[in-house]
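Novice: sharing a sequence plus its predicted fold:
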Amino acid sequence: MRRSGVLSILLALGACLPYGFAGGGLPSHIRTVAVIPFENLTSAPQLQQELTLALRTELRDKLGLREAAEAHASAIVRGTIQRYETDIPIGFSGTNKSQTSARRQLQISVDIEMIDQATGKALWERKGFLAEGQYDERGEADGRKIAIQRIVDELVQGAQSQW
């Protein structure tokens, strides 16, 4: 009896919801995406590849979009990496008897957009988005990973909020 009551409630709730979960808040025809490698205006060549890979993975895992070639994708993600600044000191620690260690921060600034290929209109865009990542001394790759994840999260959340 208890199980059938819970099942009835879940079915009733499901019937009331007008939106599905696939593709987040994107239009229903957006099922595939092409992530175009970003134009990289910085001197850090690894940024382009790391950001592209992270975007492809998260758009698949979090929005349920399949990767497709640009000509066949229902949406494209593209952008420009405007700035990459590293080694910004944010804290030091140490004593007279121990070695001093430093906390650092890096910043990545990007312009990013997701375009509906059918209409040519932007589904979501953000200009001059600044993502930061903190890291321990000599741990720049860790800070870069954090900042890239923040960029990806911003796009995913922006796409999900498109009702």
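Specialist: Yes, it's here.
Novice: residue boundaries of the strands in the protein?
Specialist: For the chain, strands defined by DSSP state E occupy the ranges 32-35, 39-40, 66-67, 75-93, 101-116, 122-136.
Novice: remind me what the lengthiest helix in the chain packs against, helices and strands.
Specialist: Longest among the helix segments of the chain by residue count, using DSSP state H, is helix 140-160. Contact here means 3 or more CB pairs under 8 Å, 6 or more residues apart in numbering; DSSP states H and E; on that basis helix 140-160 packs against helix 46-63, strand 75-93, strand 101-116, strand 122-136. C-beta: built from backbone N, CA, C; applies to glycine.
Novice: hey, least reliable of these by pLDDT?
Specialist: Note on the helices and strands packed on helix 140-160: lowest mean pLDDT is at strand 75-93, with a mean of 89.
Novice: angle of it against helix 46-63?
Specialist: Inter-element angle recorded for strand 75-93 and helix 46-63: 110 degrees (by axes from the mean of the first three to the mean of the last three CA atoms, to 10 degrees).
Novice: in its sheet, what does strand 75-93 sit against?
Specialist: According to DSSP bridges, strand 75-93 has the following sheet partners: strand 32-35 (parallel), strand 39-40 (parallel), strand 101-116 (antiparallel).
Novice: that older thread, mind listing what's buried along the longest helix of the chain?
Specialist: Of the residues in helix 140-160, 140, 143-144, 146-148, 151-152, 154-156, 158-160 count as buried by neighbour count, 16 or more other CB atoms under 10 Å.
Novice: next one: stretch 56-63
Specialist: Of the residues in stretch 56-63, those buried under the neighbour-count criterion (16+ other CB under 10 Å) are 56, 58-59, 62-63.
Novice: who's in contact with that stretch?
Specialist: Residues external to stretch 56-63 that are found in contact with it (CB atoms under 8 Å, 6 or more residues apart in numbering): 23-24, 26, 33, 35, 65-67, 77, 152-153, 155-156, 159-160.
Novice: off-centre distance for it?
Specialist: 9 Å (CA atoms, centre = their mean, to the nearest Å).
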